[in-house]
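Enquirer: After the sequence you'll find the predicted model.
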Amino acid sequence: MRLSLGFILALSLAGLQFLAILLFVSTSYLTSERAMLQHAQNLMSQAVKSASEQTRLFLKPAGDIAVEAARMMSSGVIAPDDVPSLEIFLTQKVLTEDYVAGVYYGDEAGNFVYVMRSEGPGDLRTKIVTRSGTARTTELIWRDDAFSIVEAGFDPQDEYDPRTRPWYDAAVADRSLIWTDPYVFFSSGKPGITAAAPVLTEADGLIGVIGVDIETDDVSAFLADLKVSEDSTVLIMDDAGRVISHPDSDQILVENGGSGFRLAEISELEDPVARQAFGQTDLAETLAARVDQRSDVVHEGQSFLALLTPFQGIDVPWTIGVHAPENDFVREIRENRRRNIWIAAAISLATALVGLLIADRILRPVRAFAVRTSLISQGEVPSDTPLPTTYKELQRANETLINEIAQRRESESRVSQLRRQLFQFSRVDTLGQLATGLAHELSQPMTAIVQNVDAAQSIVSKRLPEDQNLREILSDLDEQAHRGGDIIAALRGLVQKDEGDVTTFDFQQLLEQTVGLVQHEATEQQVRITLPVQDNALVHANRLQIAQVLLNLMQNAIEAMDQSANKHIAIETTARDAVLEVRVTDSGPGVDANVKLFTHFETSKPKGHGIGLSLSKTIIEANGGHIWYEDAPDGGSRFCFTVPRAQELS
């Protein structure tokens, strides 16, 4: 399908405009996307800092309570062995902060006083373990918020010993405030952590350890409210990969093999993005490096931003992780980009329509010029017909085109004359070859006739009496036979090969001219002819005879492809040392293997005479070349011949 110039111009204008808008939109999008993603990273960093600071503020009072209580007991303000006073003191500390679950004290003798919040029968529960030698008692007291006893009793089955607890051992070993690993409190079944400080004498002797339990549910509640984006998640983990706080607090605890609950590991969360982003990370290594780790995660085709940061402010081996969908930050930008692309497409379409109208207006004089030129070329309108109103450039082009048309007509006239000359030469040369063939074929029977007549005369001369009439007949027959032989010999001499004029000429030019002779016939037969591009293809031969060979081979190819669906003649040339090799290949059915090519009167065409190829062979060999046939690689026929190159003869 041929497209009009106007359509191409309009389409090109719209396309360029669309590409320009698309480039601008894409560049703007990429710049905005990078800026938004950087902003998202900053928001995540701020969220991590906020979570870290909030958790620090959450933990610090518990540490302060433990340190202050230990100092007061070390200084004697609170006597460790005064259980009633100690209970009141610990109760005050429990009521100091809402998230303090309990405060307790244990000494080196195994005595233990523990005040904790309770869900009944009183608001507070006190556990007092008293040891005297091997004897021990465990008293349980429930009180209301006015410190009145609601219920009391003893637990003879209790075997609790504070000296065996991790918080006690760690505080004794460090001789300073320590934080335990997070765990699930036995009494409440909630996740929490313990701050413990040693109670020391002035000589650094150990009296006991004060401990403060705090539940981390409030931290999870804070993380649930801390939003970097609509679907972001912030969580806290320890160096062992246990989840301390998560916006969904139900995911923190998992069953511990039938013996209560334990903290879930990161790999056990129902948060696939957190598992993928943080589950494969060595949290202990991250804590040791004290650097942030950023990563990009793809889950179910959606991209997520992830950040892992060591906990700051309190000496606990925790890390804070946050992940958020990338789309939360760039959704508006992407939607805006899509809208801009559609707007650009609409603008480009409108531009194309306007461009078509403008192009049509611009091209009207051009079309009129083209019609006039076509009519002049066909001879339907005189070349001096006035040119319609048009552009100055077309007026100058008109003069050039008229000259070109005149030159073309002159060239066509010369080509037509050359065609007639070649056709005449073909007929004369064909008759010469026919005469040569007939002379060759008739010479043998004429020789046999002469020999037989001589034999008959010899036989008649030996018979007696001699038959005079028969002798006269034989003499007359002998005379006519010799006369016929003389005529044949004369004919053979008459049609002997004419050497012709051998000149140096451009084979490429001759090939193009010869193709022009058969172009009309090839067009009618829907045959496509392709030519080589050969520079400096000078050969030394009889130009007219080589043209006759080319003409004969191309006409044979056209006739051979009469029933072919794909009609194609490919002419190729290759310079090989002293000769130029020419190959004429067609897409016809090929040549029957039983046909003897280049032999007089041998042909594969229904109406052929078997003379053209033999004539071509004679011409090529007379010009110092060689001709042969070979099957084409893709089927069809290929005739090849060589012609001496001119430069080799200089």
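Expert: Done, it's in.
Enquirer: Point me to the helix or strand that includes Ala406.
Expert: Assessed by DSSP states H and E, Ala406 sits inside helix 392-462.
Enquirer: brain fart, Glu151
Expert: strand 149-154.
Enquirer: who does the helix or strand that that strand is followed by touch, helix- and strand-wise?
Expert: Counting by DSSP H and E, the element after strand 149-154 in chain order, helix or strand, is helix 166-174. Counting contacts by 3 or more C-beta pairs under 8 Å, 6 or more residues apart in numbering; DSSP states H and E, helix 166-174 is packed against strand 178-179, strand 191-200, strand 206-215. Any C-beta I mention is one placed from the backbone N, CA and C, and that applies to glycine too.
Enquirer: Okay, angle between helix 166-174 and strand 191-200 too, please.
Expert: 40 degrees (axes from the mean of the first three to the mean of the last three C-alpha atoms, to 10 degrees).
Enquirer: tell me which residues of helix 166-174 are tucked away?
Expert: Counting neighbours by 16 or more other C-beta atoms under 10 Å, one finds that the buried residues in helix 166-174 are 167-168, 170-172.
Enquirer: re earlier: relative to Glu630, tell me which of the helices and strands packed on helix 166-174 wins on proximity.
Expert: With C-beta to C-beta as the criterion, Glu630 lies closest to strand 191-200 of the helices and strands packed on helix 166-174, at 90.6 Å.
Enquirer: May I have that closest one as PDB, with CA atoms only?
Expert: The C-alpha coordinates for strand 191-200 follow below in PDB (Å, rounded to 0.1, in the frame of the first residue of the first chain):
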ATOM      1  CA  PRO A 191       5.500 -10.400  76.100                       C
ATOM      2  CA  GLY A 192       7.800  -8.100  78.000                       C
ATOM      3  CA  ILE A 193      11.300  -7.400  79.300                       C
ATOM      4  CA  THR A 194      13.000  -7.000  82.600                       C
ATOM      5  CA  ALA A 195      15.300  -4.200  83.800                       C
ATOM      6  CA  ALA A 196      17.400  -5.300  86.800                       C
ATOM      7  CA  ALA A 197      19.900  -3.500  89.000                       C
ATOM      8  CA  PRO A 198      22.100  -4.900  91.900                       C
ATOM      9  CA  VAL A 199      21.700  -3.600  95.400                       C
ATOM     10  CA  LEU A 200      25.300  -3.200  96.700                       C
END
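Enquirer: Let me see the domain layout of this structure.
Expert: 1-110+161-381, 112-157, 409-499, 501-649 (automatic domain parsing).
Enquirer: Centre of the chain to the strand holding Glu151, how far?
Expert: 78 Å (C-alpha atoms, centre = their mean, to the nearest Å).
Enquirer: And the contacts of it?
Expert: For strand 149-154, contacts defined as C-beta atoms under 8 Å, 6 or more residues apart in numbering pick out 121-122, 137-144.
Enquirer: Give me the subset of these that lies in helices.
Expert: Using DSSP state H, no member of the contacts of strand 149-154 falls in helices.
Enquirer: And these, which of them are buried?
Expert: If we count by 16+ other C-beta under 10 Å, the contacts of strand 149-154 have these buried: 122, 138-143.
Enquirer: which among the residues you listed gets closest to Val330?
Expert: Nearest to Val330, judged by C-beta to C-beta, of the buried ones among the contacts of strand 149-154 is Gly122 at 55.5 Å.
Enquirer: so what's the closest one up against?
Expert: Counted by C-beta under 8 Å, 6+ apart, Gly122 has contacts 142-144, 149-151.
Enquirer: now those residues in a markdown table, with distance to Val591?
Expert: Listed next are the contacts of Gly122 as a markdown table, based on distance: C-beta to C-beta, whole Å:
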| residue | distance to Val591 |
| --- | --- |
| Trp142 | 118 |
| Arg143 | 120 |
| Asp144 | 120 |
| Ile149 | 125 |
| Val150 | 121 |
| Glu151 | 120 |
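Enquirer: just checking, what packs against the helix holding Ala406?
Expert: helix 327-377, helix 468-494, helix 507-524, helix 543-560, helix 612-622.
Enquirer: Would you format these as JSON lines with mean neighbour count and mean pLDDT included?
Expert: Formatted as JSON lines, the helices and strands packed on helix 392-462 follow (neighbours: other C-beta atoms under 10 Å; pLDDT from 0 to 100):
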{"stretch": "helix 327-377", "mean neighbour count": "15", "mean pLDDT": "74"}
{"stretch": "helix 468-494", "mean neighbour count": "14", "mean pLDDT": "68"}
{"stretch": "helix 507-524", "mean neighbour count": "16", "mean pLDDT": "87"}
{"stretch": "helix 543-560", "mean neighbour count": "22", "mean pLDDT": "90"}
{"stretch": "helix 612-622", "mean neighbour count": "21", "mean pLDDT": "87"}
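Enquirer: Output those in CSV, with distance to Ser12 appended to each entry.
Expert: Formatted as CSV, those follow (distance: least, C-beta to C-beta, whole Å):
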stretch, distance to Ser12
helix 327-377, 8
helix 468-494, 69
helix 507-524, 33
helix 543-560, 41
helix 612-622, 51
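Enquirer: With respect to Gln433, which of these lies nearest?
Expert: helix 612-622 (4.9 Å).
Enquirer: mind checking how far that closest one is from the chain centre?
Expert: 57 Å.
Enquirer: quick one, it and helix 392-462 angle?
Expert: 100 degrees.
Enquirer: Which elements pack onto helix 612-622?
Expert: By 3+ C-beta pairs under 8 Å, 6+ apart, helix 612-622 packs against helix 392-462, helix 543-560, strand 627-631, strand 637-644.
Enquirer: mind running it again at 6 Å?
Expert: Under the contact criterion of 3 or more C-beta pairs under 6 Å, 6 or more residues apart in numbering; DSSP states H and E, the helices and strands touching helix 612-622 comprise helix 543-560.
Enquirer: For the helix it packs on, name the packing helices and strands.
Expert: helix 507-524, strand 579-586, helix 612-622.
Enquirer: Tabulate those (TSV), appending distance to Thr573.
Expert: TSV is the format used below for those (distance: least, C-beta to C-beta, whole Å):
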stretch	distance to Thr573
helix 507-524	7
strand 579-586	5
helix 612-622	15
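Enquirer: out of those, nearest to Asp501?
Expert: helix 612-622 (12.5 Å).
Enquirer: then that closest one to CSV, C-alphas only?
Expert: Output of helix 612-622 as CSV, limited to C-alpha atoms (Å, rounded to 0.1, in the frame of the first residue of the first chain):
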residue,chain,number,x,y,z
GLY,A,612,19.7,-20.8,-29.4
LEU,A,613,21.9,-22.5,-26.9
SER,A,614,24.2,-24.0,-29.6
LEU,A,615,24.5,-20.6,-31.1
SER,A,616,25.3,-19.1,-27.7
LYS,A,617,28.0,-21.8,-27.2
THR,A,618,29.5,-21.0,-30.5
ILE,A,619,29.6,-17.2,-29.8
ILE,A,620,31.1,-17.6,-26.3
GLU,A,621,33.8,-19.9,-27.4
ALA,A,622,34.6,-17.7,-30.4
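Enquirer: Contacts for that helix next, please.
Expert: For helix 612-622, contacts defined as C-beta atoms under 6 Å, 6 or more residues apart in numbering pick out 433, 497, 545, 549, 552, 597-598, 600, 627, 641.
Enquirer: Narrow those to those that are buried.
Expert: 433, 545, 549, 552, 597-598, 600, 627, 641.
Enquirer: Check those residues and tell me the two furthest apart.
Expert: Most distant of these, by C-beta to C-beta, are Gln545 and Leu597, 19.2 Å apart.
Enquirer: The residue nearest to Arg543 when sequence neighbours are not counted and Phe641, how far apart?
Expert: Closest residue to Arg543 apart from its sequence neighbours, by C-beta to C-beta, 6 or more residues apart in numbering: Phe505 at 4.9 Å. Phe505 sits 16 Å away from Phe641, going by C-beta to C-beta, to the nearest Å.
Enquirer: How about Leu551?
Expert: Remark: distance between Leu551 and Phe641 (C-beta to C-beta) = 13 Å.
Enquirer: where does Thr130 land in three-state SS?
Expert: Three-state assignment for Thr130 (DSSP: H, G, I helix; E, B strand; the rest coil): strand.
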